[in-house]
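> Give me a 3D structure for the following:
(one chain, ligands or ions: 1)
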Amino acid sequence: MSLFTLRRGNAPLILSMPHAGTEIPKEFAGVFISDWLARKDADWHIPTLYAFAETLDATIIAANISRAIIDLNRDPSGASLYPGQATTGLCPVESFGGEPLYAAIPPDEAETARRVQHYFRPYHAALEDEITRLRARHDNIVLYDCHSIRSQIPRLFPDELPQFNIGTNGGASCAPNYQARVEVICARSGFSWVLNGRFKGGWITRHYGQPQNGVHAIQMELAMRGYMDEPAAPTPENWPTAFNPSAPILPVLQDILKGLCP
Ligand SMILES: N=CN[C@@H](CCC(=O)O)C(=O)O
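Numbering: from 1, shown residues only. So this is what the prediction gives:
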């Protein structure tokens, strides 16, 4: 089983999809209460939604392994993304909604360290290599971290999430003009949007976003209603729903990536 899928391009644009994975390696058979629960919070259909980025010659790296094994968008030290707020951790022990994931004992320190070595490091080594490769060709590159989440998860946010949630770590992860390009397109799209609202950018955005070194990172958290139906209460019978190939947000995403990759 390959841990991630990599498409190398030559444009100054990398798409990272750390939560695209839905595979549960055999060694985790019986570890979770159910594999459906372990996969429930995946960023469903994200590689399909952004497949058009190949025509821009973007580099695309997408995880194949479920975030329940290890979360590629968390600090490998284990530090919380949002101290004091509800969130999920490096080796999450519960779903976004707070349901316990493990049938028996959750991972201890040694098991977490093993997963970091075996499942976390390879994705980040590949991502770092791609950043280095493209920076050698371009003075400035964009790392666009692709995410999506169900529109309503009361444990994480009280109201329905805006359609487009742009995260730049409070403006620290990219130069102002990159952030502005995305803001302008979202503002004229007619969809709801917010900059550095509930989702400010996870560890990938915060860690790799170094505008002073020509690496501009932006996280885009999409509300899933923009490209798939969302049942009021997901169950194994009704979730995940299919990808909507006529997703109304698709032209907006195309404009955003073209704007970041002129
Ligand atoms: N769909 C995933 N969402 C991201 C959000 C990161 C953030 O909290 O800003 C995640 O959990 O990593």
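> Tell me how far the residue of the chain most remote from its centre lies from the ligand.
Here the chain reaches farthest from its C-alpha mean at residue 104, the gap being 27.7 Å by C-alpha atoms, centre = their mean. Between residue 104 and the ligand the computed distance is 25 Å (C-beta to the nearest ligand atom, to the nearest Å). Quick note: C-beta positions are derived from backbone N, CA and C, even for glycine.
> repeat for residue 107
In terms of C-beta to the nearest ligand atom, residue 107 sits 18 Å off from the ligand.
> what ranges do the strands span in the protein?
Applying DSSP state E to the chain gives strands spanning 4-7, 13-17, 59-63, 141-149, 164-167, 193-195, 215-223.
> Of these, which is nearest residue 135?
strand 141-149 (5.8 Å; C-beta to C-beta).
> tilt between the closest one and strand 13-17?
30 degrees (axes from the mean of the first three to the mean of the last three C-alpha atoms, to 10 degrees).
> now for strand 141-149, which elements pack on it?
Helices and strands touching strand 141-149, by 3 or more C-beta pairs under 8 Å, 6 or more residues apart in numbering; DSSP states H and E, are strand 13-17, helix 46-49, helix 121-135, helix 203-208, strand 215-223, helix 250-260.
> Quick one: list the elements packing against the longest one.
Under the contact criterion of 3+ C-beta pairs under 8 Å, 6+ apart, helix 121-135 touches strand 4-7, strand 13-17, strand 59-63, strand 141-149, helix 203-208.
> Just give me how far it sits from the chain centre.
16 Å (C-alpha atoms, centre = their mean, to the nearest Å).
> Could you pull up the mean pLDDT of it?
Helix 121-135 shows a mean pLDDT of 98.
> same question, the second one
The pLDDT scores in helix 46-49 average 98.
> Check which residues of it are buried.
46, 47, 49 (16 or more other C-beta atoms under 10 Å).
> Which strands and helices lie in contact with that helix?
By 3+ C-beta pairs under 8 Å, 6+ apart, helix 46-49 packs against strand 59-63, strand 141-149.
> Taking strand 141-149 as reference, get the angle to the first one.
Read that as strand 59-63. 40 degrees.
> List of residues touching strand 59-63?
With contacts defined as C-beta atoms under 8 Å, 6 or more residues apart in numbering, strand 59-63 is touched by 3-9, 11, 13-21, 46-47, 50, 53-54, 72, 123, 126-127, 130, 134.
> May I have that strand exported as PDB, CA atoms only?
Extracted as PDB, the C-alpha positions of strand 59-63 are listed here (Å, rounded to 0.1, in the frame of the first residue of the first chain):
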ATOM      1  CA  THR A  59       2.200  19.300  -8.200                       C
ATOM      2  CA  ILE A  60      -0.300  17.300  -6.200                       C
ATOM      3  CA  ILE A  61       0.400  15.200  -3.200                       C
ATOM      4  CA  ALA A  62      -2.500  13.300  -1.600                       C
ATOM      5  CA  ALA A  63      -2.500  11.000   1.400                       C
END
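> With mean neighbour count and distance to the ligand added, can I get the strands of the chain in CSV?
Formatted as CSV, the strands of the chain follow (neighbours: other C-beta atoms under 10 Å; distance: least, C-beta to the nearest ligand atom, whole Å):
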stretch, mean neighbour count, distance to the ligand
strand 4-7, 16, 16
strand 13-17, 25, 10
strand 59-63, 24, 12
strand 141-149, 25, 4
strand 164-167, 25, 5
strand 193-195, 18, 12
strand 215-223, 24, 5
